[in-house]
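K.L.:
generate a structure from the sequence data that follows.
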Amino acid sequence: MVTTTFCISGAVLKKAGANVSSVILNPTTFMIGSDYGIDLYIAEAESVINVNCRYNFTDKYAVLNDDVKRILSETAANLAAISAITYDMGNYNSRTEAEDMINTLRDVANRNMAILRDKKQQDFINGS
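P.N.:
Below you'll find the model as predicted:
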């Protein structure tokens, strides 16, 4: 079973919106191997954040300050929501609506990743 650290599935589903595929809402049907798909999306997002930032926030999560934890939570939820939306865009009012949501989520995730990668912020992020 996959474990997640930065956010919960409810945050992802909220960001994916009311028109997210109903399959994703049902943990008994939305399984990837033995894992619930949303949790796997979150774990993948956490790995992307850690590798992109070249810092393992997951291992150091307990000592991070609340501001950094909130940025990590928002970023992971946004990246996982993008995966949830792209899983099936059929329930959205239009493909444009789904793509607009993806663009908005991606823009915030990219901004947050830039903050997390910024070497000038490292002392703050590391709790100094």
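K.L.:
which residues does the closest residue to Ile71 other than its chain neighbours contact?
P.N.:
Nearest-residue entry for Ile71: Asn112, 5.2 Å, with adjacent residues in sequence omitted and distances by C-beta to C-beta, 6 or more residues apart in numbering. All C-beta atoms are positioned from the backbone trio N, CA, C, and that covers glycine. Contact analysis of Asn112 by C-beta atoms under 8 Å, 6 or more residues apart in numbering lists 71, 74-75, 78.
K.L.:
which strands and helices sit next to the helix or strand harbouring Asp59?
P.N.:
Using DSSP states H and E, Asp59 maps to helix 57-60. Helix 57-60 is packed against helix 37-53, with contacts defined by 3 or more C-beta pairs under 8 Å, 6 or more residues apart in numbering; DSSP states H and E.
K.L.:
contacting residues around the helix it packs on?
P.N.:
Residues outside helix 37-53 that contact it (C-beta under 8 Å, 6+ apart): 2-9, 12-13, 24, 27, 30-32, 56-58, 72, 75-80, 83-84, 87, 113, 116-117.
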